[in-house]
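Participant: Requesting a structural model of the entry that follows:
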Amino acid sequence: MDLSVIVERTKDIELINSIMFNDDIFDVISEDRVTKENQRFDVYGECWLKVLCDETLIGLYNFHYINQSTLEAHVHILPEFRKAHSAESIIKIYQWIIDECDGAVSKFVCNIPSLYPNVLSFCLSNGFTLEGTNRKSHLKNGLLHDINMVGITKKEIIEVLR
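Facilitator: Residues are numbered from 1 along each chain as shown. Below you'll find the predicted structure:
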């Protein structure tokens with residue numbers, strides 16, 4: 001694997017908006033009634049990591065606290081870079097977690113609407129464990145969908161990196 005991907009923390013709202021309001025990304029992350037006009041992203045209360053490949057912005061990772069020991073993670077890689085760089089980017093994110101995350105943080109979770117089995121498969125193939133289902137709790141296209149929660153501990157991340 002060519003580790004040409006780098007991750008860096010950012011608070012640049014214009015950069016964040018350029019990825020999050022990309023039509024392909026926004027369509028996936030937004031529920032019904034959420035628009036680009038009423039959506040806002042918190043650059044100070046959340047952690048945003050830009051993902052670069054050969055100095056080209058290819059996406060973002062976003063983390064926010066659920067409690068003192070658990071962060072919820074969100075992955076936003078632009079479609080044209082997913083096949084070539086998603087696996088590489090998660091390894092870089094795992095290394096960032098080990099190097100930079102607060103020692104109190106011991107777990108990372110993702111909540112994945114059942115509409116996106118490819119995202120679930122990606123997480124499971126990269127060390128996450130399916131932990132449960134939040135039934136009928138994601139409104140998209142007028143229908144309620146399940147959300148699958150997956151999680152990975154710091155200890156498990158270390159094992160993946162070996």
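Participant: going forward, measure contacts between C-alpha atoms and count neighbours the same way
Facilitator: Will do.
Participant: Flag the helix or strand of this structure with the lowest per-element mean pLDDT.
Facilitator: Scoring the helices and strands of the chain by mean pLDDT, DSSP states H and E places helix 79-100 at the bottom, with a mean of 91.
Participant: residues making contact with the next helix or strand after it?
Facilitator: Downstream of helix 79-100, the next assigned helix or strand under DSSP states H and E is strand 107-113. If you take C-alpha atoms under 8 Å, 6 or more residues apart in numbering as the criterion, strand 107-113 is touched by 69-74, 119-120, 138, 145-154.
Participant: Just the buried residues of those.
Facilitator: 70-74, 120, 138, 145-154 (16 or more other C-alpha atoms under 10 Å).
Participant: Ile19 - how many residues pack around it?
Facilitator: Per other C-alpha atoms under 10 Å, the neighbour tally for Ile19 reads 20.
Participant: beta partners for the closest residue to it other than its chain neighbours?
Facilitator: Once its chain neighbours are removed from consideration, Ile19 has its nearest residue in Gly59; the separation is 6.3 Å (C-alpha to C-alpha, 6 or more residues apart in numbering). Listed beta-bridge partners, Gly59: Val51, Ile77 (assigned using DSSP bridges).
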